[in-house]
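Chemist: Show me the folded form of this:
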Amino acid sequence: MPRLRLHDDEVPVDAGLVVRLLAGQVPDLLVGAGGADAVVEIVPAGTVNAVFALGDALVVRLPLRAAGADDLARERALLPRLAGRLPVAVPRVVAVGAPGEGYPFAWSVQERVPGRPPEPAEGDDEALAQDLVAVVRALRDLGLPDGPTAFRGRRLDAYDAAVRTALGQLGAVVDVPALTSRWDAALVVPPARAPGTWVHADLLPGNLLVADGRLTGVLDWAAAGLGDPAVDLLPAWSLLGPGGRAVLRRDLRVDEPTWERGRGWALLVGAVALPYYATTHPSFAAVARRMLATVLEDGA
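Modeler: The predicted structure is shown next:
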């Protein structure tokens, strides 16, 4: 079954292309993993990159469109600086591929971080929240010089038009007046002081890995950099239940303005993602629906 296209301008990729790229540029990795049969697309796919397993130990990441083609280079520069400085694993790049076989972008091979994406909270998730707190604290304490601006490093009001347009497309799906009221409340909160802190900026379930209820790894660091610390509160609304959400807020000592901005970031991501991925990426659309529902529940 062919993969669903996520973007109108995406470049087609499949396992055959990955095999040809590997065979032409890093054949030892292909042979060592077991050959062509070892290349299998990982579903659900990411939204920026198509991800293929290369045996049990490696993954191949290929940007889907020009808009995300520079992300791998940005991530590749950051990952070595993070190695050993966080309480969970991050990927290690083992090879960088060049355009070829009709595919126009650079691509990468990374070590596969153990674990699986977490499911939305059911019951006690306080241990997972504590693990997320440890990651966020470690990021804020990085102290790395010359940090880039995070992907979500701008003020919330820079996204006002996009959020209102997206909410206008969701009238039959969500409570638009209530979400609009929440969005308006987030916009009047004082913004974070620039340049902010080190943030991952995309701590959504698809970028987290767990085993036995504990966080084992964090993926996709292309969006990371300096930005509003509230953006790394996204798990409060995308993943955690009330107990875990309370732990996250308490242990990170989040004040009311920062929590309100965090809720605004969750609303932003959910509102923009839901109409865009409603039919092409069911798992991400489900995360977006959860964020919007939890934004309304939290503090109601």
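
Chemist: Just the pLDDT at Val43, thanks.
Modeler: Note on Val43: pLDDT of 68.

Chemist: Which residues are in contact with the residue positioned nearest the centre of the chain?
Modeler: The centroid of the chain falls nearest to Asp202 when counting by Cα atoms, centre = their mean (3.7 Å). Neighbouring residues of Asp202 by Cβ atoms under 8 Å, 6 or more residues apart in numbering: 151-152, 220, 223-224, 234. For glycine as for every other residue, the C-beta is placed from the backbone atoms N, C-alpha and C.

Chemist: Quickly note the distance from the residue lying closest to Pro191 once chain neighbours are set aside to Val210.
Modeler: Nearest in space to Pro191, with sequence neighbours left out and distances taken as Cβ to Cβ, 6 or more residues apart in numbering, is Arg155 at 4.7 Å. Counting by Cβ to Cβ, to the nearest Å, the separation of Arg155 from Val210 is 32 Å.

Chemist: Tell me which of those two has more neighbours.
Modeler: A direct count of neighbours by other Cβ atoms under 10 Å for Arg155 and Val210 places Val210 higher, at 21 against 14.

Chemist: Contacts for the one helix or strand the more buried one maps to, please.
Modeler: Assigning secondary structure by DSSP states H and E places Val210 in strand 208-211. Outside strand 208-211, the residues within contact range by Cβ under 8 Å, 6+ apart are 89, 113-118, 128, 215-219, 235, 239.

Chemist: can you do 7 Å?
Modeler: Contacting residues not belonging to strand 208-211 are listed as 113-118, 128, 215-219 [Cβ atoms under 7 Å, 6 or more residues apart in numbering].

Chemist: Pull the number of nearby residues for Leu234.
Modeler: Neighbourhood size, Leu234 [other Cβ under 10 Å]: 29.

Chemist: go on, Trp259?
Modeler: Neighbourhood size, Trp259 [other Cβ under 10 Å]: 21.

Chemist: if I pick it, what's in contact with it?
Modeler: For Trp259, the contacting residues are Arg249, by Cβ under 7 Å, 6+ apart.

Chemist: so Leu215 is in which element?
Modeler: Following DSSP H and E, one finds Leu215 within strand 214-218.

Chemist: next SSE after that strand?
Modeler: Next in sequence after strand 214-218, counting helices and strands by DSSP H and E, comes strand 225-227.

Chemist: how distant is the strand holding Val210 from the center of its chain?
Modeler: The chain centre lies 13 Å from the centre of strand 208-211; the measure is Cα atoms, centre = their mean, to the nearest Å.

Chemist: Fine, thanks again, bye for now.
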